[in-house]
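1. A predicted structure for the sequence below; I have some questions about it.
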Amino acid sequence: MDLRFTPEEIAFRDEARAFMQKALPAPIRDKMIEGRRLVKDDLVTWQRILNAKGWAVPHWPVQWGGAGWSAVELYLFRDEMQQAPAPEPLPFGVNMVGPVIIAFGNDAQKKRFLPRIANLDDWWCQGFSEPEAGSDLAAVKTTARRGGDHYIVNGQKTWTTLAQYADWIFCLVRTDPSAKKQQGISFLLIDMKTPGVTVRPIQTFDGGHEINEVFFDDVRVPAENLVGEENKGWDYAKFLLGNERSGIARIGISKARLRRLKELAALATSGDKPLIADERFRMKIAAIEVELKALEMTQLRVLSRERNGHDSKPDPASSILKLKGSELQQAISELLLEVAGPYALPDQMPHDEAERWNEPPVGPEWAATLAPHYFNWRKASIYGGSNEIQKNIIAKAILGL
Amino acid sequence: MDFELNEEQRLLQESVGRMLAGAYDPDRRKRYASEPGGFSRAIWHTYAELGLLGLPFEEKHGGIGGGAVETMIVMESFGRVLALDPYLASVVLSGGFIRLGGGDVVQSTILPRIASGEMLMAFAHAERQSRYDLADIAMTARKDGSHVVLDGEKTLVLGGDSADQLIVSARLSGARRDSSGIGLFLVGAAADGVTRRGYPTIDGRRAAEIAFSGVRVAADAVIGEPGNAFPLIEHIADHAIAALCAEAVGAMQALHDNTVEYLKTRKQFGVPIGNFQVLQHRAAEMLIALEQARSMALFAAMMADDADPAARRQAMSAAKVQIGRSGRFIGQQAIQLHGGIGMTMDYSAGHYFKRLTAIDTMFGDADHHLARLARSGGLAAA
């Protein structure tokens, strides 16, 4: 047991940190720090910088652009990227459909899709959730009926993140309506430009537009867009959901937000003193720092177990990482709201994609994003399997209840 | 970075675990607690035979040269069975002071005797007024020729009623809460002017109130730098915190295992109560609290001898906060999930809860360390 990073790992971290500092465009970094909304072009720009460096899809097999890093190096890379703070690569391509295609797709699909995912030439979105299938994902109703060399898709997906930019959507569709729930589901890739696909925005209560409804009305999808075998889609979906364990706690993001929190708490005043001088407020911050350090150690323990190859299946401990990680992200967003104090009140975050509000700010400019940020992060305990679902997984898979 | 135990560490864990499983069960524990000093001398000698009592000492002092990780392994095993023995007092605290602050002669006379089990020691430090402030020392040490004369009273001396030798802190100079001016002295428990009153503690162990009245100590009985012993006191207190964190994790693990087992076997309304989602979720929350605590016990072990004392102290504070909070949550919920049986003296859950509660009060509770961490500017991000 040696609980410290090796000199090689520290050198790797320093290299990643230096790269982030040098390569991340300042306007994107400033938006990230200030919590302003990113636009499509920001993510594309950053992804292509990463790809030019060979770091776009480091966790993929080397043959498809992977970097051949260890689990610890991957962790350090992501941690540095989150702390920079840089945008996280669009997960639907590099973390979700990409690995599914690598594991279960055919050669033609790999050659066609993987390089374009790495370079964000194709923007992917995820067609899993439906109005009647949220936490109960296997209840999907969208149908794909085989007719010759095509499937005809009908149904509706919802909560589809960033579908407004998407070129492609990967979907769970029901190909055998007579089969039992988890059987009869297939994994289908659908071009968003196909006639019959309609995207309708859902505005969230923070004012943002991240999620959408996607409707399929007699959409013709070439049979070659089926991944793997027909009616085996549930296996691929489980693989996808269990795949993203390193970085699921997003500790680097929380570190960066904590840093921002301390900076702003030094700017905000309470009485004649900066808020950061208030012991009660400092204790709230310290309590989060303790939990975050514990979570980081938990994350590293999971990585260590992975590296020592105890099993290749997803570690149920990833449920702990997701649950605690989201709780901490939310706790930090609460303290940021408290830093804003009365200046949480003015509603001055642009509701569309305009870069900035055109009016002069009411109160300190840094306060304008904090209430929407707080509201927006309530999503973290809902998405990716709600925290209650994570507790079910822990109870069943770890505790055997 | 590697969290896996190496071969030797795994062997240590297995042999200690096997020995303790054979030595301890609730009935035997009750019997040991009623022996003089509140623990079993026979088991103490078994520890000596296994090398546990010299674990952190160098081989030339009868030890096996273990570090913080080895101590963590042993303490966690003690926690699982709620071992009663004064290991923290004798080996971690007193042994630590002599190992890091004793002169050659003191080391070579005392450490082998701790390791062999023939000498028990305790650290007499806290005073009635000091609460969790390690520097709050009113007891005086007055120079008198080549001797030092000690006057004052110490409280809550863990293992103090069975100790043969004491390490005593006293003030050579400065005001009551100054960190400078403190010295450490080796005092025989039966020396002239020492009176002690032993008593049981809530966790089934024993401690003592000890008074010192004109106790004369020879110059060679000084540990550390006279008048400048505070950094050493902080360092050894940090070792104790790391050790207690590991012990607490062992206790939490055993208590959680026990609770989950109970959920699977206890039936109500015709089904095991573990079928109820509200109880499943509580058990899941307990597991998260346990894993977070385990992570911080590892962090504490990793930082226990860090070259930067400020970073070391911050790390121990962070660990103690997590252990205190997790221990309280797991303890309370374990009792709740057991229901009535959990309230009984004859059932084990309450004893684990009491030990976890006791650990929180030692070397600063969760609130104390949270405030300390907040004052120091928070935990530095890596």
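-> Received the coordinates, thanks.
2. please enumerate the strands of chain A.
-> All strands of chain A, identified by DSSP state E, fall at A:124-127, A:143-147, A:150-157, A:168-174, A:185-191, A:197-202, A:211-222, A:226-227, A:269-270, A:273-274.
3. can I get the ones you listed in JSON lines including mean pLDDT?
-> Shown next, in JSON lines, are those (pLDDT from 0 to 100):
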{"stretch": "strand A:124-127", "mean pLDDT": "98"}
{"stretch": "strand A:143-147", "mean pLDDT": "95"}
{"stretch": "strand A:150-157", "mean pLDDT": "98"}
{"stretch": "strand A:168-174", "mean pLDDT": "97"}
{"stretch": "strand A:185-191", "mean pLDDT": "98"}
{"stretch": "strand A:197-202", "mean pLDDT": "97"}
{"stretch": "strand A:211-222", "mean pLDDT": "98"}
{"stretch": "strand A:226-227", "mean pLDDT": "98"}
{"stretch": "strand A:269-270", "mean pLDDT": "89"}
{"stretch": "strand A:273-274", "mean pLDDT": "94"}
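4. any idea which of the ones you listed gets closest to A:Asp347?
-> strand A:197-202 (19.2 Å; CB to CB). Every residue, glycine included, has its C-beta placed from N, CA and C.
5. most remote residue from the chain's center?
-> No chain in the question, so chain A it is. Distance from the centre of chain A peaks at A:Asp272, with 40.6 Å (CA atoms, centre = their mean).
6. meant chain B, my bad for not saying
-> Farthest-from-centroid check, chain B (CA atoms, centre = their mean): B:Gly270, 43.8 Å.
7. excluding its backbone neighbours, what's nearest A:Gln109?
-> A:Ile101 (5.4 Å; CB to CB, 6 or more residues apart in numbering or on different chains).
8. which residues touch that neighbour?
-> A:109-110, A:113-114, A:227 (CB atoms under 8 Å, 6 or more residues apart in numbering or on different chains).
9. swap in A:Gln63?
-> Taking CB under 8 Å, 6+ apart as the definition, A:Gln63 has no contacts.
10. from A:Ile102, how far off is it?
-> According to CB to CB, to the nearest Å, A:Gln63 stands 9 Å off from A:Ile102.
11. next one: B:Ala318
-> 40 Å.
12. which parts of the stretch 251-382 of chain B are helices?
-> B:277-303, B:309-338, B:349-360, B:366-375 (DSSP state H, counting those that start in this stretch).
13. same question for the stretch 51-200 of chain A.
-> Going by DSSP H, counting those that start in this stretch, the stretch 51-200 of chain A shows helices at A:71-83, A:91, A:98-104, A:107-118.
14. related to what we said a few turns ago, and the pLDDT at the residue farthest from the centre of chain A?
-> Per-residue pLDDT puts A:Asp272 at 90.
15. pull the distance from stretch B:16-27 to the chain's centre.
-> 19 Å (CA atoms, centre = their mean, to the nearest Å).
16. is that stretch positioned near chain A?
-> No - in terms of CB under 8 Å from any CB of the partner chain, no part of stretch B:16-27 sits within range of chain A; the closest distance is 15.6 Å.
17. domains in the chain, by residue range?
-> Since no chain was named, I'll use chain A. A:7-89, A:124-231, A:245-398 (automatic domain parsing).
18. let me rephrase: I mean chain B.
-> Taken from automatic domain parsing, chain B resolves into B:7-119, B:122-223, B:230-375.
19. and the ones you listed: which comes nearest A:Glu388?
-> Per CB to CB, nearest to A:Glu388 of the domains of chain B: domain B:230-375, 7.2 Å.
20. could you list every residue that touches A:Pro346?
-> A:Pro346 touches A:362-363, A:368, counting by CB under 8 Å, 6+ apart.
21. from B:Ala89, how far out is it?
-> A:Pro346 is 60 Å from B:Ala89, by CB to CB.
22. over to A:Ala249?
-> 38 Å.
23. mind listing the strands for chain B?
-> B:121-124, B:140-144, B:147-158, B:165-171, B:182-188, B:194-200, B:206-218, B:222-223, B:267-268, B:271-272.
24. ok, back up a step: so which of the helices of the stretch 251-382 of chain B comes closest to B:Phe78?
-> That would be, of these and by CB to CB, helix B:349-360, which comes in at 10.0 Å.
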